[in-house]
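1. Provided below are the primary sequence and the corresponding predicted coordinates.
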Amino acid sequence: MAGPTSLNFRQVFPRWLPIVMGVIELICVAVLFITELGNVGSNFWVTNVFAGGWCGCVMIIHFLSLFVVGCCAPSPTVGLVVFIITIIAIVACTALISFDAVFIAIPTTCILTPSCSTYAASTTMFSYYFRDAFFTVFRRLSPFSSYTETQAKFLFQIIQLSVGALCLILCIVYLIVYLVSRNKASKIAPSTFQNNYSAPQPAYPHNNQQPGYGYQPKPSAPEARYPQGGQY
């Protein structure tokens, strides 16, 4: 049987909330990978650190841990493990948001190599064929038929930044919910969850003699009956 601390935590922890958050993050992870593919396809060398990829991997671990604490094992220990994973996810989301903000503000930012401009202009490297194939497919979609490389990168980066901000908010929400739930659980008296049922006590004879294995109650003498009038 779970200890009082786990029982208290289960009573106050909203198990439905991390499940809902996990479902939202699952969708966000898919968007992060798709936008990262679009960002790389638009231009492999410029404004690229694969942030959507590694941040998406971290968020996969995070939404799986949310499902565990919500569905399988809502306890202070598991909640603490998810708390630590959440802090790591916050760092990843913050880095993603920072990179995307810089890339949007400075579209020519080059981090992967000092020769970004040279490699981006090359028509013999793998990145050229990948970009050409990507835009062939991308421009078949009517809303994006006239998108340039810069416009495509801006679109993917602004979506990625927005999704990263949403994931950051969800992580902060979990931290608050966990800390509040743990604080409430610690304030609940253990007696609140104790069984108030009292075991039945054995009934003993009035002379306080406890019954043994060979105990038999003494028979009482029959009451004497007298004829009417009080005579024998």
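-> Nice, thanks for sending it over. Numbering: from 1, shown residues only.

2. any idea which helix or strand comes after the strand or helix carrying residue 56?
-> Assigned by DSSP states H and E, residue 56 belongs to helix 51-67. As assigned by DSSP H and E, the chain's next helix or strand after helix 51-67 is helix 76-105.

3. pLDDT of that following helix, averaged?
-> Average pLDDT, helix 76-105: 94.

4. And stretch 174-183, by the same measure?
-> 91.

5. ok, now which ones touch the closest residue to residue 83 other than its chain neighbours?
-> Once its chain neighbours are removed from consideration, residue 83 has its nearest residue in residue 178; the separation is 5.3 Å (Cβ to Cβ, 6 or more residues apart in numbering). No exception for glycine: its C-beta is placed from N, CA and C like everyone else's. Residues counted as contacts of residue 178 (Cβ atoms under 8 Å, 6 or more residues apart in numbering) are 13, 79-80, 82-83.

6. Drop anything exposed from those.
-> When burial is judged by neighbour count using 16 or more other Cβ atoms under 10 Å, the buried members of those are 13, 79, 82-83.

7. next one: the lowest-mean-pLDDT helix or strand in the chain to chain centre, how far?
-> Least confident helix or strand, the chain: helix 116-121 with a mean of 73, by mean pLDDT, DSSP states H and E. The gap between where helix 116-121 is centred and where its chain is centred comes out at 41 Å by Cα atoms, centre = their mean, to the nearest Å.

8. mind exporting whichever helix or strand comes after that helix as CSV, just the C-alpha atoms?
-> Using DSSP H and E, the next helix or strand after helix 116-121 towards the C-terminus is helix 126-138. In CSV, the C-alpha atoms belonging to helix 126-138 read as follows (Å, rounded to 0.1, in the frame of the first residue of the first chain):
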residue,chain,number,x,y,z
PHE,A,126,24.2,17.9,-51.6
SER,A,127,22.5,21.0,-50.1
TYR,A,128,21.8,22.3,-53.6
TYR,A,129,20.0,19.2,-54.7
PHE,A,130,18.1,19.0,-51.4
ARG,A,131,17.0,22.6,-51.7
ASP,A,132,15.9,22.2,-55.3
ALA,A,133,13.9,19.1,-54.5
PHE,A,134,12.3,20.8,-51.4
PHE,A,135,11.2,23.9,-53.4
THR,A,136,9.8,21.7,-56.2
VAL,A,137,7.5,20.1,-53.7
PHE,A,138,6.9,23.2,-51.6
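
9. pLDDT below threshold where in this protein?
-> In the predicted model, the chain carries pLDDT under 70 at residues 1-4, 189-232.

10. Which helix in it has the most residues?
-> Across the chain, the longest stretch assigned as helix under DSSP state H is helix 149-187.

11. What residues of it count as buried?
-> Along helix 149-187, the positions that meet the burial threshold by neighbour count (16+ other Cβ under 10 Å) are 149, 152-157, 159-161, 163-164, 166-168, 170-171, 174, 177-178, 181-182, 185.

12. Same question for stretch 72-87.
-> Applying a neighbour-count criterion of 16+ other Cβ under 10 Å, one finds 74-76, 78-79, 82-83, 85-86 buried in stretch 72-87.

13. Thank you kindly, that will do.
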